[in-house]
Structure formats: C-alpha cells, structure tokens
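J.: Just need the structure, nothing else, for what follows:
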Amino acid sequence: MAVDVLVPPLGDGVTHGTLIRWLKAPGERVEADEPLFEISADKVDAEVPAPTSGVLVEHVRHPGDEVRVGSLVARIGTRDEWVQLEPPALRPSHSLAEQSLLGATLHSNPPAFLDELDDRPLGAARPPRSRVAVVAESARDEPLVEAAVAELERMGLAYERQRLRIGRADRLREFARGAPERAVRAVIVCGGSGGHLAAVVAAESPLPVIAVPRADEAGGLAGLLGAAHVPGGLAVATVAPGDRGARQAAIVVARFVAAFDPHSVSPLTGDPSGGFSGELF
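T.: All right, here's what the predicted structure looks like:
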C-alpha cells in the first residue's frame with residue numbers, strides 16, 4: 001500500500017511553504033532519506049527526503065503550489081501501483097521491461113486496465129491534475145481561505161489561491177476565463193462584497209462557484225442576504241457563513257471533482273465531521 005509523503009515541519013511558527021521542484025519523477029525508484037523535492041519557506045530553500053523506499057507513484061502537488069505543513073504532496077509505493085495509475089504506454093518512452101509488463105497486464109486483465117487508457121493516443125501526456133481555485137477579495141477573507149485550504153489538503157485535492165477585486169475587471173476576467181485551461185474544475189469565493197465577487201466570477205466563467213459568506217456580527221446574515229441577490233441563471237451556490245461554510249465548500253467541490261476525476265482526490269472515506277452526535281448545531 002502506498003505511503004503518503006507529507007510536508008515536514010519547516011521551523012518554529014512556519015506553517016506554509018512553496019514547492020519549488022521535484023527531484024524524482026513518477027515511476028522512478030527512490031530510497032529512504034534520498035532528496036525527493038525542494039521547498040521554500042521563510043526565505044530558506046530546503047531539500048525534503050523521502051520517508052521510505054519504493055517507487056514514486058504520483059505527484060499530488062506541483063511546482064509553484066503553496067503547501068501546508070503536514071499536507072499530502074506525493075505517494076510512494078510499488079511499481080504495480082504506479083502502473084495502475086500511470087500506464088507505461090502513455091509515456092513518451094519506456095523500457096523493454098515496462099513494455100513486457102504492459103503486455104502481460106493487458107493479456108491477464110484487459111477490461112480494467114483498458115479503462116485506465118481512456119481514448120488518449122499512445123505517448124500522449126496525461127491531462128493536468130484537476131484542481132480548485134480558492135479566491136479572496138481582501139485580507140479579511142484569508143481566515144476563510146485557510147479553512148477551505150486545510151480541508152482540500154486533507155483530501156489531497158490540488159488548489160490555487162487567488163486575490164481578486166471587483167474593481168479590477170481585467171484581472172478578474174483573465175482569471176475566470178483562463179481557469180479551465182489550468183484544470184480548475186470549481187471556484188470557492190471566500191467573503192467578498194455580499195456575493196458580488198462570486199456573481200462576477202460565475203458570469204465570466206463556465207465553472208461552478210460556491211460563495212462562503214463572512215461570519216459578521218449578525219452571524220453572517222449580511223453575506224447570506226447579499227448572496228441571495230445573485231442574479232438567476234448564474235452557477236453560484238452559497239454555504240454557511242464562516243469557517244464551517246468554508247469546510248463545507250471544500251468538501252462539496254472535492255466530491256464534485258472526484259465524480260469526474262477520481263485520481264485527483266484521495267479516497268473520500270470516513271466522515272470529516274466526526275460522525276453525527278445527535279445534535280445538529
């Protein structure tokens with residue numbers, strides 16, 4: 001069974017870093033304590049060693065991604081696990097041993113393995129990993145972003161963070177229209193001006209948008225009322241205000257992405273809420 005590779009502690013008070021580059025590619029053999037990837041945190045670059053020996057099955061996060069301490073970035077397992085996720089025939093080049101392995105697998109279990117091949121031509125690159133965009137309008141919304149990101153990282157779903165403002169129509173339009181090309185499958189808009197930012201993103205993009213209102217002095221009522229005035233016909237849904245809503249939004253989009261791209265999300269098993277206690281609130 002594959003072993004999760006997590007971001008190690010990066011120093012006192014440091015909770016985030018940026019993945020700079022991978023030193024090993026999926027399918028390569030890696031030894032325990034061998035440098036696996038480089039990370040930058042608090043103006044210091046460091047090489048992170050592999051926690052175990054085996055074959056690098058997949059990269060969960062990519063260069064340029066902001067990663068949280070303790071979050072999932074890769075998996076190390078067996079060659080069979082890598083083959084099932086990344087069939088050798090889809091790679092530009094592979095060894096004779098891998099070709100023999102491919103032939104043996106196709107001969108012994110054609111239906112399941114052929115499902116992995118999809119309709120892509122041999123040698124074609126695997127599509128980019130599906131991800132979610134988490135958007136904030138101002139620093140006031142960053143706590144909501146942190147709550148959503150923590151949940152996405154727990155589930156192993158890739159994401160990107162953006163800071164967008166209603167007044168910067170050109171920047172907002174560039175983000176919304178380019179998101180599908182970056183494999184963004186859904187957008188979580190945290191806070192914003194009473195649902196206005198979520199509405200504009202949805203108007204400029206074909207992607208579903210989930211609005212997370214701020215938990216203000218009125219319990220988030222202002223944000224909920226603002227979201228209720230989003231024009232009909234726009235793909236905007238609204239969740240509970242505050243951190244709880246941010247977590248809800250992350251879980252909803254993760255299940256949405258998993259329905260279309262199961263390889264992009266860790267198995268969604270267990271109840272993230274800890275189970276029903278008999279109390280609704």
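J.: The protein: strands as residue ranges?
T.: Using DSSP state E, the strands of the chain run over residues 3-6, 16-22, 29-30, 35-41, 44-49, 54-59, 66-68, 72-77, 131-136, 158-163, 184-190, 209-212, 236-238.
J.: ok, of those strands, where does mean pLDDT dip lowest?
T.: If the strands of the chain are sorted by mean pLDDT, strand 236-238 sits at the bottom with a mean of 82.
J.: Parallel or antiparallel, which strands does that one pair with?
T.: strand 209-212 (parallel) (DSSP bridges).
J.: for the closest residue to Glu47 other than its chain neighbours, what are its contacts?
T.: Excluding its sequence neighbours, the residue lying closest to Glu47 (Cβ to Cβ, 6 or more residues apart in numbering) is Pro35, at 4.1 Å. Heads up, the C-betas are built off the backbone N, CA and C, glycines and all. Pro35 sits next to Leu23, Glu47, Val48, Pro49, Ala50 when contact means Cβ atoms under 8 Å, 6 or more residues apart in numbering.
J.: now what about the helix ranked longest in the chain, what contacts it?
T.: Using DSSP state H, we find that the single longest helix of the chain is helix 242-260. Here helix 242-260 makes contact (Cβ under 8 Å, 6+ apart) with 130, 132, 143-145, 147-152, 155, 157, 185-186, 188, 190, 208, 210, 212-215, 220, 237, 239-240, 264-265, 268, 272.
J.: May I have that helix exported as CSV, CA atoms only?
T.: Only the C-alpha atoms of helix 242-260 are listed here, as CSV (Å, rounded to 0.1, in the frame of the first residue of the first chain):
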residue,chain,number,x,y,z
GLY,A,242,-17.6,31.4,8.4
ASP,A,243,-15.1,28.5,8.8
ARG,A,244,-17.8,25.9,8.9
GLY,A,245,-19.1,27.1,5.5
ALA,A,246,-15.5,27.1,4.1
ARG,A,247,-15.1,23.5,5.1
GLN,A,248,-18.5,22.6,3.6
ALA,A,249,-17.5,24.3,0.3
ALA,A,250,-14.2,22.3,0.1
ILE,A,251,-16.0,19.0,0.8
VAL,A,252,-18.7,19.7,-1.8
VAL,A,253,-16.2,20.6,-4.6
ALA,A,254,-14.0,17.7,-3.7
ARG,A,255,-16.9,15.3,-4.2
PHE,A,256,-17.8,17.1,-7.4
VAL,A,257,-14.2,16.7,-8.8
ALA,A,258,-13.9,13.1,-7.6
ALA,A,259,-17.0,12.2,-9.6
PHE,A,260,-15.3,13.2,-12.8
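J.: My guess is Val187 contacts Ala148. True?
T.: No - distance between Val187 and Ala148: 11.0 Å, which falls outside the contact criterion (Cβ atoms under 8 Å).
J.: what sits in contact with each of those two?
T.: By Cβ under 8 Å, 6+ apart, the residues touching both Val187 and Ala148 are Val134.
J.: Now distance to Val83 too, for the strands of the chain, in a markdown table please.
T.: As requested, those are exported to a markdown table (distance: least, Cβ to Cβ, whole Å):
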| stretch | distance to Val83 |
| --- | --- |
| strand 3-6 | 17 |
| strand 16-22 | 19 |
| strand 29-30 | 14 |
| strand 35-41 | 20 |
| strand 44-49 | 25 |
| strand 54-59 | 9 |
| strand 66-68 | 27 |
| strand 72-77 | 11 |
| strand 131-136 | 25 |
| strand 158-163 | 22 |
| strand 184-190 | 26 |
| strand 209-212 | 36 |
| strand 236-238 | 39 |
